[in-house]
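>>> coordinates only, no sequence provided:
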Ligand code: UDP
Ligand code: MG
């Protein structure tokens, strides 16, 4: 019997945890799968911790990992992968925007032999507002143009991956990961399932604009140094343009015309000033990444979990089998 792990990052989701857990258990227990449900409580400020404790007392296959503070969804997912023991690992949001019933379809595809099953939103409109839709579209376009890895558009962190890939992610030394890109980069047999993205059941989205910008820059800078190349080409282009202006200035000077046009001068100077700052910022981002990576700090800190036993148990079992 296959063991299916579902990992669910949760930040201030006290009202959704019970709902999603019971729906997943309902969906999966009718089938011949063993389920391991791992909630990663990403430093929630509400009662998520107590709800999870209560839930794990009631269901033997519900586990929780409480972070010491908010480390962000990507790191919560990483913790889920690190602790998971399933043959296939599914990740999904806690807010029921990803329908739990679809899990069966993902598993079916996995059984057909696919190592990666991605979910693509059919109705992106419902995702949450006009601004979010526009920014998300813009982000995926930009990412596809800039990055060296094609990344599925409209695919949130709702997917199934095989244990092979989980083991690779676990052993990657890279930090500040962007899983959507990383999984595309890894290759393997991949398929896409379309679904209707629902509305958030309770609470509000925790992806504010700054958080989205952070995820977007992390996505871009994790996968490509193309922005640096673009900066070089842009610099070259502008230098050539200004060089071509020199003969004109000489001719004007020769005929004794004073150079008027303070406005155009100011526009050019401020434009170039802005451009330089932007490019410095891009270089700074990459440098900052190196700096953080160099410190080798952990991606997340676990405050408490009920998975220690399980990990030890697995270890004992493995020792018992002489592995
Ligand atoms: N989440 C998290 N840490 C964060 C922000 C979000 O673990 O810092 C979780 C959140 O609880 C949810 C999922 O990530 O399960 C997606 O977040 P949200 O629904 O707020 O994003 P949206 O669906 O609006 O993009
Ligand atoms: Mg959501």
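Thanks, I have the structure now. Just so it is clear, the model here is predicted, and its values are computed rather than measured. Numbering: from 1, shown residues only. Ligands and ions are numbered 1, 2, ... in the order given.
>>> from here on, just use CA atoms for contacts and neighbour counts.
Will do.
>>> how about stretch 204-222, does it reach ligand 1?
Yes: Stretch 204-222 comes into contact with ligand 1 (Cα under 6 Å from any ligand atom), by way of 205-207.
>>> and residue 65, what is it in contact with?
Contact analysis of residue 65 by Cα atoms under 8 Å, 6 or more residues apart in numbering lists 38-41, 302-307.
>>> strand partners of the strand or helix carrying it, parallel vs antiparallel please.
Assigned by DSSP states H and E, residue 65 falls within strand 62-67. Sheet pairing for strand 62-67, assigned by DSSP bridges, gives strand 34-41 (parallel), strand 302-305 (antiparallel).
>>> whichever of the contacts of residue 65 end up buried, select them in ChimeraX.
Only the buried entries of the contacts of residue 65 go into this ChimeraX selection, using 16 or more other Cα atoms under 10 Å:
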select :38,39,40,41,305,307
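>>> buried sites along the longest helix seen in the chain?
Looking across the chain with DSSP state H, the single longest helix is helix 262-295. Neighbour-count burial for helix 262-295 flags 279, 282 (criterion: 16+ other Cα under 10 Å).
>>> how far off centre is that helix?
With Cα atoms, centre = their mean, to the nearest Å as the basis, helix 262-295 stands 25 Å off its chain's centre.
>>> what is the neighbour count of residue 255?
For residue 255, the neighbour count with other Cα atoms under 10 Å is 8.
>>> any idea how far residue 47 lies from ligand 1?
With distances taken as Cα to the nearest ligand atom, to the nearest Å, residue 47 is found 13 Å from ligand 1.
>>> so where's the stretch 1-150 of the chain uncertain?
In the predicted model, the stretch 1-150 of the chain carries pLDDT under 70 at residues 123-129, 147-148.
>>> in it, which spans are helices?
Assigned helices in the stretch 1-150 of the chain, in chain order: 14-29, 48-58, 73-83, 103-111, 130-146 (criterion: DSSP state H, counting those that start in this stretch).
>>> what's the most buried one of the ones you listed?
Of all the helices of the stretch 1-150 of the chain, helix 73-83 has the most neighbours on average by mean count of other Cα atoms under 10 Å, namely a mean of 22.
>>> contacts for that one?
7-9, 38-42, 89, 91, 166, 169-170, 176-179, 299-300, 307, 311.
>>> now do stretch 34-52
1-14, 17-18, 21, 25, 28-29, 61-73, 76-77, 79-80, 84, 86.
>>> near ligand 1, which of these show up?
Within the contacts of stretch 34-52, those near ligand 1 by Cα under 6 Å from any ligand atom are 9-11, 13, 70, 72-73, 76.
>>> of the strands paired with strand 62-67, which is nearest ligand 1?
Ligand 1 sits nearest to strand 34-41 of all the strands paired with strand 62-67, at 6.8 Å, using Cα to the nearest ligand atom.
>>> how far does the closest one sit from the chain's center?
Relative to the chain's own centre, strand 34-41 is displaced by 19 Å; criterion: Cα atoms, centre = their mean.
>>> ok and that strand relative to helix 14-29, angle-wise?
Interaxial angle of strand 34-41 relative to helix 14-29 (axes from the mean of the first three to the mean of the last three Cα atoms, to 10 degrees): 170 degrees.
>>> check whether strand 34-41 comes into contact with ligand 1.
No: judged by Cα under 6 Å from any ligand atom, strand 34-41 and ligand 1 are separated, with a smallest distance of 6.8 Å.
>>> kindly report the same for stretch 174-193.
No: Stretch 174-193 lies out of reach of ligand 1 by Cα under 6 Å from any ligand atom, never closer than 12.9 Å.
>>> thinking again about what came up before, check which helices and strands the longest helix of the chain sits against.
Using 3 or more Cα pairs under 8 Å, 6 or more residues apart in numbering; DSSP states H and E, the elements in contact with helix 262-295 are helix 226-254.
>>> what residues of the helix it packs on count as buried?
Under 16+ other Cα under 10 Å, the buried positions of helix 226-254 are 227-228, 231, 235.
>>> what's the answer for stretch 91-107, then?
The neighbour-count check on stretch 91-107 (16+ other Cα under 10 Å) flags 91-100, 102-103, 106-107 as buried.
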